[in-house]
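Asks: Fold the following for me, if possible:
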Amino acid sequence: MKKLIIVLLIVTGLFSCSNNNSFKIKLNLEDTKHYCVYLSKLVDGRSVLLDSVVLKDNAATFKLSKNDNVDAYQISMKQWRKKITVFPENQDVTIKGNCTDFKTIMVYASSLQSDLNDLNAKMNSDDSDEHKSELAIDAAKENINNVLAPYIIYTYKWAFPDSDLIKIFEAIPQSTQSSFMPMLKSYVDNIQRLQPGNPYIDFVQQNIDGSSFELSSLIGKSELLLVDFWASWCPDCRNENPAVVNVYSKFKKKGLDVLSVSLDNDSNAWKKAIEDDRLVWNNHVSDLKGWANEAAKTYNIAFIPQNVLIDKNGTIVAKNLYGNDLYNFINTYLD
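Replies: Just a heads-up that it's a prediction; the model follows:
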């Protein structure tokens, strides 16, 4: 607690100081209706609220002390689906846009922020996933000596092959004061734990009727267990479901079972998708927390669909196989 209090005193700058030792985060947003804006910062891997302001005449201002640690701040509103990450670098920040349309909101700040804005725009384009992966990797390498690299890697971890992610993470200087480093390190540690040849990691979720279900309850009951992470709202998942249905139909008598883990937060949508896509196996679980699904965190799920194949001894034998690759692996394994 003492450490947390000291950190907050350093980063918030909510006490009196001269103009030379402070900077401001100014918001000018349309259609705010006197909404409340929240300023927060990650401390020891968790979000800590620093201040809140009610928008008046579509405007609000946070005043902060300059600090040697130029790490990110986060701006949020209950009306937004996610937070805005800001890298001020001890300079004034202006945030503009329409409060009701998150895509219109722009952040004008430091050179780091400009680089991040450019990357975000490209990553949100309709470009191919392969090109986006190249962009994210290049951006992380270019910013390896500043606080932007850990943020890029953690935010766009889905775009990094495991080997590239680990290599770039290890190149980040140990002196880097980034609040995203603890979460990134945990993610990297899990990559190692989840490699084929290692034992599975157990988790608890709720099945369709709301009762608790443990992954371990299925280990050893089949020759091969496919743990499939998906969601009703995910187009790629729905497109992949016929392939999962096909392998289950073809190989269930040879010892294949399926456990579907949904990243839904709408129970009705989840159940309807199971019925519509004819996911006829018995094992369907979720904690209805969306991307915050605890099992997904355990298994480093940064995008969906993803899957893990576990043998009867509880050993991970393969990961992230789709379509023909999934069929061929299971066919060879159960032959």
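Asks: and the nearest residue to Asp277 once chain neighbours are set aside, what element?
Replies: Leaving out its chain neighbours, the residue that sits closest to Asp277 by Cβ to Cβ, 6 or more residues apart in numbering is Asn241, at 4.4 Å. The way it works is simple: take the backbone N, C-alpha and C, and place the C-beta from them, glycine included. Assigned by DSSP states H and E, Asn241 belongs to helix 235-251.
Asks: same check, this time on Lys41
Replies: strand 36-43.
Asks: circling back: looks like the residue nearest to Asp277 contacts Ser232 (just checking).
Replies: No. Look at Asn241 against Ser232 with Cβ atoms under 8 Å: they stay out of range, at 10.1 Å.
Asks: contact partners of the strand holding Lys41?
Replies: 4, 7-8, 11, 25, 27, 47-55, 60, 62, 71-78, 83, 179-180, 183 (Cβ atoms under 8 Å, 6 or more residues apart in numbering).
Asks: could you dump the helix or strand following it to CSV, C-alpha only?
Replies: Of the helices and strands lying after strand 36-43 in sequence (DSSP H and E), the nearest is strand 46-54. The C-alpha coordinates for strand 46-54 follow below in CSV (Å, rounded to 0.1, in the frame of the first residue of the first chain):
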residue,chain,number,x,y,z
ARG,A,46,-3.8,-3.0,-12.5
SER,A,47,-5.6,0.1,-13.4
VAL,A,48,-5.6,2.8,-10.7
LEU,A,49,-8.0,5.7,-10.9
LEU,A,50,-6.1,9.0,-10.5
ASP,A,51,-8.9,11.6,-11.0
SER,A,52,-12.3,12.2,-12.6
VAL,A,53,-13.9,15.3,-14.1
VAL,A,54,-17.4,16.1,-15.3
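Asks: tell me which residues in strand 46-54 are buried?
Replies: By neighbour count on 16 or more other Cβ atoms under 10 Å, the buried set for strand 46-54 is 48, 50, 53.
Asks: Name the SS class of the residue sitting nearest the centre point of the chain, please.
Replies: The structure's the chain has its C-alpha centroid closest to Ala302; by Cα atoms, centre = their mean the separation is 5.4 Å. Secondary structure for Ala302, judged by DSSP: H, G, I helix; E, B strand; the rest coil, is coil.
Asks: Show me the shaky parts of this structure.
Replies: Filtered on pLDDT under 70, the chain yields the residue ranges 1-19.
Asks: residue ranges for the helices of it, please.
Replies: 2-12, 111-123, 129-142, 148-155, 162-171, 181-193, 235-251, 267-276, 294-298, 323-333 (DSSP state H).
Asks: For the nearest residue to Gly255 once chain neighbours are set aside, give its distance to Asp202.
Replies: Nearest residue to Gly255 in three dimensions, chain neighbours excluded: Glu223, at 3.0 Å (Cβ to Cβ, 6+ apart). Here the criterion is Cβ to Cβ, to the nearest Å. By it, Glu223 lies 19 Å from Asp202.
Asks: now do Phe303
Replies: 23 Å.
Asks: give me the number of residues near the spatially closest residue to Lys56 that is not a sequence neighbour?
Replies: Spatial nearest neighbour of Lys56, excluding adjacent residues (Cβ to Cβ, 6+ apart): His34 at 7.1 Å. If you count neighbours by other Cβ atoms under 10 Å, His34 ends up with 9.
Asks: next one: Gln195
Replies: By other Cβ under 10 Å, neighbour count at Gln195 equals 11.
Asks: contacting residues around it?
Replies: Here Gln195 is in contact with Ile316 (criterion: Cβ under 8 Å, 6+ apart).
Asks: Packing partners of the helix holding Asn241?
Replies: When contacts are defined as 3 or more Cβ pairs under 8 Å, 6 or more residues apart in numbering; DSSP states H and E, helix 235-251 sits against strand 224-230, strand 256-262, helix 323-333.
Asks: mind checking which of the ones you listed is nearest Pro161?
Replies: Pro161 lies closest to helix 323-333 among the helices and strands packed on helix 235-251, at 15.9 Å (Cβ to Cβ).
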